[in-house]
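[1] Prediction below, plus the sequence it came from.
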Amino acid sequence: MPFQPRVAILVPTPGYHERWQPAFARKAAALTAAGLIVEQRVWTDPGDLSGHDLVLPLFAWGYQRAVAAWYALLDRLETEALPVVNPVPVLRWNSDKAYLAELGSKGVAVVPTVEVGALDDAALAEAMAELATDEIVIKPAISGGADGTHRIAPGAPIPGDALGQRRLVQPLMPGILTDGEYSLFFFAGKFSHAIVKRPASGDFRVQEQFGGREAVWDASDAAQSLAAAALAAAPAPPVYARVDMVGDAAGRLHIMELELIEPSLFLHHAPDRGAAFGSAVYGAI
């Protein structure tokens with residue numbers, strides 16, 4: 001009988017508010033088809049992981065709401081030298097969107113971003129002046145699922161949950177409203193598929209829980225090149241990756257974020273239904 005590696009997929013705590021099971025089933029099916037044995041472990045209390053050939057944080061959803069627990073888990077995985085994909089240095093680097101500044105310094109087109117240590121009216125005004133815009137989006141540096149993300153119109157007050165907090169300030173990118181947000185997926189460094197996510201009427205957030213809808217997208221060469229350049233800046237080559245990007249007023253694409261921890265991979269839109277994903281994970285063992 002051929003060797004069947006055991007992989008532990010880290011999943012949300014019981015009662016987590018978002019439906020993760022359908023996406024888990026798709027990923028698990030792809031991994032099982034590749035010859036892996038898949039098991040679930042709750043990410044906040046995964047127990048002994050030493051018997052697994054690989055640990056995948058694919059559903060560590062909600063880590064942005066339990067940041068100390070998340071970093072403690074990364075420290076533990078590193079200390080115990082457990083085999084993790086993506087590698088712990090990549091997970092740690094990707095946890096905080098300060099990496100956008102690093103990408104920008106390397107010449108990668110990113111959404112213009114100003115980091116504010118403690119957001120107040122003066123800091124917001126200064127950031128808006130630096131960005132040369134009067135309609136902005138603010139978000140936590142450690143965030144997911146649009147948690148704490150707000151669109152602020154000219155003259156509108158700072159939302160209470162952001163006042164005095166560390167926030168990233170960005171211009172509202174026109175492309176998000178006209179064309180949507182693009183996501184490109186890579187497995188073992190090779191492009192797999194792409195989608196476009198469009199917000200509901202009157203919203204700017206593309207996530208499903210806010211009424212966003214997705215469709216297959218034929219990614220341009222320019223989009224694939226931009227994604228590859230962004231991924232090249234990671235501390236190590238990611239085994240799986242989602243790259244989100246959006247257009248400016250002229251249609252030029254900018255990186256919005258890299259999803260290298262627990263991304264939705266939309267494998268049902270992949271031409272191979274996730275075979276490349278399964279193969280990439282198996283090949284990392």
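    Structure's in. What do you need?

[2] which parts of the worst-scoring helix or strand of the chain on mean pLDDT are buried?
    Ranking every helix and strand in the chain by mean pLDDT, DSSP states H and E puts strand 213-216 at the bottom, with a mean of 79. For strand 213-216, the neighbour count (16 or more other Cβ atoms under 10 Å) marks residue 214 as buried. C-beta here means a position set from N, CA and C on the backbone, and glycine is covered the same way.

[3] how far does that strand sit from the chain's center?
    Put simply, strand 213-216 sits 17 Å off its chain's centre (Cα atoms, centre = their mean, to the nearest Å).

[4] wait, is residue 9 part of a strand?
    Yes: assigned with DSSP: H, G, I helix; E, B strand; the rest coil, residue 9 falls within a strand.

[5] Just give me the neighbour total for residue 160.
    Counted with other Cβ atoms under 10 Å, residues neighbouring residue 160 total 8.

[6] hmm, back to that, for the next helix or strand after the least confident helix or strand of the chain, packing partners?
    Downstream of strand 213-216, the first helix or strand assigned by DSSP states H and E is helix 221-231. Contacts defined by 3 or more Cβ pairs under 8 Å, 6 or more residues apart in numbering; DSSP states H and E place helix 221-231 against strand 181-187, strand 190-198, strand 240-247, strand 253-259.

[7] partner strands of the least confident helix or strand of the chain, parallel or antiparallel?
    Partners of strand 213-216 in the sheet, by DSSP bridges, are strand 190-198 (antiparallel).

[8] got the CA positions of the strand it pairs with in CSV?
    What follows is strand 190-198, C-alpha atoms only, in CSV (Å, rounded to 0.1, in the frame of the first residue of the first chain):
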residue,chain,number,x,y,z
LYS,A,190,2.3,28.1,-10.8
PHE,A,191,-0.8,30.0,-11.8
SER,A,192,-4.0,28.0,-11.4
HIS,A,193,-7.0,30.2,-11.9
ALA,A,194,-8.5,33.6,-11.2
ILE,A,195,-11.8,35.1,-10.2
VAL,A,196,-13.4,38.6,-10.0
LYS,A,197,-15.4,39.5,-6.9
ARG,A,198,-17.9,42.3,-7.1
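
[9] The nearest residue to residue 24 once chain neighbours are set aside in helix, strand or coil?
    Counting by Cβ to Cβ, 6 or more residues apart in numbering, residue 59 is the residue found nearest to residue 24 once chain neighbours are left out, at 5.9 Å. For residue 59, the secondary structure call by three-state DSSP comes out as coil.
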